[in-house]
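**Student:** Here's my sequence, what's the structure:
(2 chains)
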Amino acid sequence: MNNILDVRDLQVGYGGIQAVKGIDLCIAPGELVALIGSNGAGKTTTLKTLAGLLVPGSGQICFDGQNLHKVAAHQRVSMGIALVPEGRGVFARLSVAENLLMGAYSRCDQDEIAADLARMYVLFPRLIERKDQLAGTLSGGEQQMLAMARALMSRPRLLMLDEPSMGLAPLMVKKIFETIREVAAQGMSILLVEQNARLALQVAGRGYVMESGAVTLSGAACDLLGSDAVQRAYLGA
Amino acid sequence: MEIFLQQIINGLVQGSVYALVALGYTMVYGILGLINFAHGEVVMVGAMLALSALTALIGWDVSPLLALPLSLILAMAGCMALGYGIERVAYRPLRHAPRLAPLITAIGVSIVLQNLAMMIWGREYHAFPQLINNQPHHIGGAIINDIQIIIVIMAVMIMTGLMLVVHRTRLGRAMRAVAENQHAAQLMGVDINRVISITFMLGSALAAIAGLMVSANYGLAHYYMGFMLGLKAFTAAVLGGIGNLRGAMLGGLLLGLIESLGAGYIGDLTGGFLGSQYQDVFAFFVLIAVLVFRPSGLLGERLAERA
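**Tutor:** Numbers count the residues shown, from 1 in each chain, chains lettered A, B, ... in the order given. Predicted coordinates for the structure are as follows:
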């Protein structure tokens, strides 16, 4: 019952469209949970709502036992929620180093920030080579690394990733997922949204399948990988 | 040659003022994609506040050397409060409205401020008290006086300071991040409303300084002075590339120079048919030319990026 994230009957609509129709979802500390489903199933809407960018119509979100109902997006960051948005959202006109410092915006422990910055450059050696370059000049894969590193700079307790593989070359996808595995191995709780269901279920411990705004299936990732329904719908088997 | 040098000096002085005001337009545009057409009136309020404070302080026998900075600080504080209020009341409720809506409220705020100023300070011109012995200096036949020197030096210092804030501090980083992507900035923990408020307050503080400079330079202040000055500074911001800080500074200085050289030579060029009272025409020729030939301005990027 000590879940880091507990979502009950979450409903989100915008522009008259009900994008999320009452989902339940939970993540235990240190767990890597995948949320899969086809385009328009409501995955991104769910993540945005958890991050506070969208206001839910009803339902409850508890983070570490605290109700997030009246907590603004920017306050959720200092509580320990980080979202790497779809399309990465790096600040193209800021340098790589500045992007990373933006990730630590909610913190004021200067020495620790510097130490984390150094740690990110170890985790993503590509970034140190480019640290004074404008982020907009990076390749898609490098931008994804930057976005992940930037999110980690806030020292989150829950890291949410929205389509980290989108638009990347296979080699880069492999690299990004290796990093996800690495971060998870260090005990980070992760909620991973992916269209590439096979990839996501291979790294995750548990998974949820979303279809037009509702969770239709959930369970251990290996069971989902083996299930006929998932195979047929998302794995092209 | 003397005329040329004199017009260059005048242009630099006037251009410094344009640059400070243009920065206010461009900072707000950069962060919200909105032209704050009430900004010119903030300059006027700054000038009027400074003038009132100055007159009162002098009346209480405060030394001019103390009265001047004091009234400047007062005007800056007043304008910062005003800038904060304008954003809070006229723009924030319309943050997600179609772009025309805040433009209309901007014009509304502008009219309200002008009329309030007219009620408070009256329709007449207010003379700027003669505080310092405004010593003229001769450089190669041209004249520059103390106030003009102070204006240029202060403008350079303030612009340098602003660039340092924007490019070297945590706040500046947050401002640039919000300007680029508000959602992503929120995901970094940035309170975007706070950053937007601060941006308006910074721009308004610059406007107050510019207001005091203009009235000190011309020795006059008037409830209507913000309108033309605002339009010119807006032109300067567009000339440099709106949304670009360096562009606003460059555009301000260039516009000041173009205007004053234009005014200085228009008589010769037209054989005396047109005189220097046509000075204002140049600014708007520049505006039209920029909009036709280079809408993104001298240092601006493509405008298409903003939705």
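**Student:** Next to chain B, which bits of chain A? Give me the list.
**Tutor:** A:51-53, A:72-75, A:77-78, A:82-83, A:85, A:89-94, A:98, A:101-103, A:105-106, A:150-151, A:154 (CB under 8 Å from any CB of the partner chain). Every C-beta, even on glycine, is put in place using the N, C-alpha and C of the backbone.
**Student:** please redo it, this time with the cut-off set to 6 Å
**Tutor:** A:53, A:73-74, A:77-78, A:83, A:89, A:91, A:93, A:98, A:102, A:105-106 (CB under 6 Å from any CB of the partner chain).
**Student:** now residue B:130, nearest residue through space, not along the chain?
**Tutor:** residue B:219 (8.0 Å; CB to CB, 6 or more residues apart in numbering or on different chains).
**Student:** I'd like the distance between that neighbour and chain A.
**Tutor:** Shown here: residue B:219 relative to chain A, a distance of 42 Å by CB to the nearest CB, to the nearest Å.
**Student:** Name the member of the residues of chain A next to chain B with the most neighbours.
**Tutor:** In terms of neighbours by other CB atoms under 10 Å in any protein chain shown, the residues of chain A next to chain B top out with residue A:83 at 29 neighbours.
**Student:** That one falls within a strand, correct?
**Tutor:** Yes. Under DSSP: H, G, I helix; E, B strand; the rest coil, residue A:83 sits within a strand.
**Student:** which stretches of the chain have low pLDDT?
**Tutor:** Let's take chain A. Applying pLDDT under 70 to chain A picks out residues A:1, A:235-237.
**Student:** other chain: chain B
**Tutor:** B:301-307.
**Student:** the helices in it, which residues?
**Tutor:** B:2-32, B:39-59, B:64-86, B:100-121, B:146-168, B:170-180, B:182-187, B:192-218, B:225-240, B:245-269, B:279-293 (DSSP state H).
**Student:** which of those helices is buried the deepest?
**Tutor:** Among the helices of chain B, ranked by average contacts under mean count of other CB atoms under 10 Å in any protein chain shown, first place goes to helix B:225-240 (a mean of 26).
**Student:** Tabulate the CA atom coordinates of it in CSV.
**Tutor:** Extracted in CSV, the C-alpha atoms of helix B:225-240 (Å, rounded to 0.1, in the frame of the first residue of the first chain):
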residue,chain,number,x,y,z
MET,B,225,4.3,61.9,-24.7
GLY,B,226,4.0,58.1,-24.4
PHE,B,227,2.1,57.6,-27.6
MET,B,228,4.7,58.7,-30.2
LEU,B,229,7.6,57.5,-28.1
GLY,B,230,5.9,54.1,-27.8
LEU,B,231,5.3,53.8,-31.5
LYS,B,232,8.9,54.8,-32.3
ALA,B,233,10.3,52.3,-29.8
PHE,B,234,8.0,49.6,-31.2
THR,B,235,9.4,50.5,-34.7
ALA,B,236,12.9,50.1,-33.3
ALA,B,237,12.0,46.7,-31.8
VAL,B,238,10.6,45.5,-35.2
LEU,B,239,13.6,46.9,-37.0
GLY,B,240,16.0,44.9,-34.8
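**Student:** Please name every helix or strand in contact with that helix.
**Tutor:** helix B:2-32, helix B:39-59, helix B:245-269, helix B:279-293 (3 or more CB pairs under 6 Å, 6 or more residues apart in numbering or on different chains; DSSP states H and E).
**Student:** so which of these gets nearest residue B:99?
**Tutor:** Proximity to residue B:99, assessed across the helices and strands packed on helix B:225-240 by CB to CB, is greatest for helix B:2-32 (10.1 Å).
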